[in-house]
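1. What shape does this take:
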Amino acid sequence: MTLKLTALGTAASLAAFLSVGTVNAADLAAPKVMPVEAKVSEPLIGFSFGSRYQTDYNFRGVSQSNRQGSYQSFFEAQYFGGFAYTGLATYQTRLPTQPDMEFDLAAGIRPTYGKFALDLGVLYYFYPNEKRLLGPGGAFLTTANTDFMEYAAKGTWTATDSLTLGLNVFFSPNFLGQHANGTYTSGTAAYTLPADWFSFLPEAYSGGFSISSELGYYFLTAAKTSATGQTAFNLPSYLYGNVGLSYTYKNIVLDVRYHNTDLSKTDCFNFTGDYRGFNNGGTSKWCSDAVIGSITFQTSTAAPGIYAEPGGLMNLFR
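-> Residues are numbered from 1 along each chain as shown. I've put the predicted structure just below:
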């Protein structure tokens, strides 16, 4: 249910010195204003887009695709040199309410201060054509609408050229349409591995390996009925973590990652409403440990990657 977009950026500069007779470039004063033709201006609007396949769509430790594969796509428009953005993403899901898919909308700003970068935004999670799950006697076992909005504040610090650290806070006043508050906080770390560790590979492929991890806690309050505001049941708060190895080659990212939570199988059923739990004693494996692989293709107008190469996609097979 979350939107992970990568913005790629490039910069270029050009200087030329002309001399006449015995005048040297060092004798010329630098112009106070660069001529128009020498400036490199950032585009007012840029775009990023991509697609992904995951062996299991995991959202903060919980499977959203019944431990099966999930096709995903994303698109983002960036404004004013990347300061502001709007975006959307789609995810293939297999949830108890049987929506056609998950459709996310996002908007926000990304101010930067030296090595610090912030991302302040809002996300809306939309699940079209949901169906209420019915139990014995026609009792409703799920809500009719699990759409919800979430506010996000993310910060990253580029500690070194190889190490990036981050802190994230997400808050929803109506988590999954349950009239419950949901606050997710986490810390992240990503480290680019030295290319000489992979000297057995051709030089063009030895860079791009990295390890990353996340450790977070989901604070959830009691779900309430919309009619009376009375507590319906307590949503379990839980600890979540992941660690993985990634490899990036131009616009292709390969990732294998281990996920786990401290939710019991019973708490997982109460939290997710996994339909199989009604036949197995009220348990679910959607929140237990999982190793998930993914392949992502991504590009942007700022860094077209393989699209900038004359051979296009075929360069991957050289």
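
2. Name the residues that touch the longest helix anywhere in the chain?
-> Longest helix of the chain, by residue count under DSSP state H: helix 265-272. Applying CB atoms under 8 Å, 6 or more residues apart in numbering, the contact partners of helix 265-272 are 62, 96, 233, 235-236, 238, 261, 263, 274, 277, 282-288. Any C-beta I mention is one placed from the backbone N, CA and C, and that applies to glycine too.

3. Can you flag the buried ones in those residues?
-> Among the contacts of helix 265-272, those classed as buried by 16 or more other CB atoms under 10 Å are 62, 96, 235-236, 238, 261, 263, 274, 277, 283-288.

4. now the stretch 201-318 of the chain, which segments are flagged as low pLDDT?
-> Flagging of the stretch 201-318 of the chain using pLDDT under 70 yields the residue ranges 225-232, 303-318.

5. how about a cut-off of 80?
-> Across the stretch 201-318 of the chain, the ranges flagged by pLDDT under 80 are 224-233, 278, 302-318.

6. now the helices: where do they sit in it?
-> 203-206, 265-272 (DSSP state H, counting those that start in this stretch).

7. Any chance of those helices in a markdown table with mean neighbour count as columns?
-> Output for the helices of the stretch 201-318 of the chain, formatted as a markdown table (neighbours: other CB atoms under 10 Å):
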| stretch | mean neighbour count |
| --- | --- |
| helix 203-206 | 12 |
| helix 265-272 | 20 |
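
8. so which of those helices comes closest to F74?
-> Nearest to F74, of all the helices of the stretch 201-318 of the chain, is helix 265-272, at 24.1 Å by CB to CB.

9. Any idea how far that closest one is from the middle of the chain?
-> Distance of helix 265-272 from the chain centroid (CA atoms, centre = their mean, to the nearest Å) equals 25 Å.

10. quick one: contacts for the nearest residue to Q64 once chain neighbours are set aside?
-> Closest residue to Q64 apart from its sequence neighbours, by CB to CB, 6 or more residues apart in numbering: Y57 at 4.5 Å. The contact partners of Y57, by CB under 8 Å, 6+ apart, come to S63, Q64, S65, S70, Q72, Y91, Q92, T93.

11. picking that back up, mind checking the helices of the stretch 201-318 of the chain for the one nearest to T86?
-> Distance to T86, taken as CB to CB, is lowest for helix 265-272 among the helices of the stretch 201-318 of the chain, at 30.2 Å.

12. returning to what we had before: now do the phi/psi pair for the residue nearest to Q64.
-> Phi and psi for Y57, reported as degrees, to the nearest 10, are phi -80, psi 110.

13. do T112 as well
-> Dihedral pair for T112: phi -130, psi 150, per degrees, to the nearest 10.

14. Okay, it and E76: tell me how far apart.
-> To E76, T112 is 17 Å away according to CB to CB, to the nearest Å.
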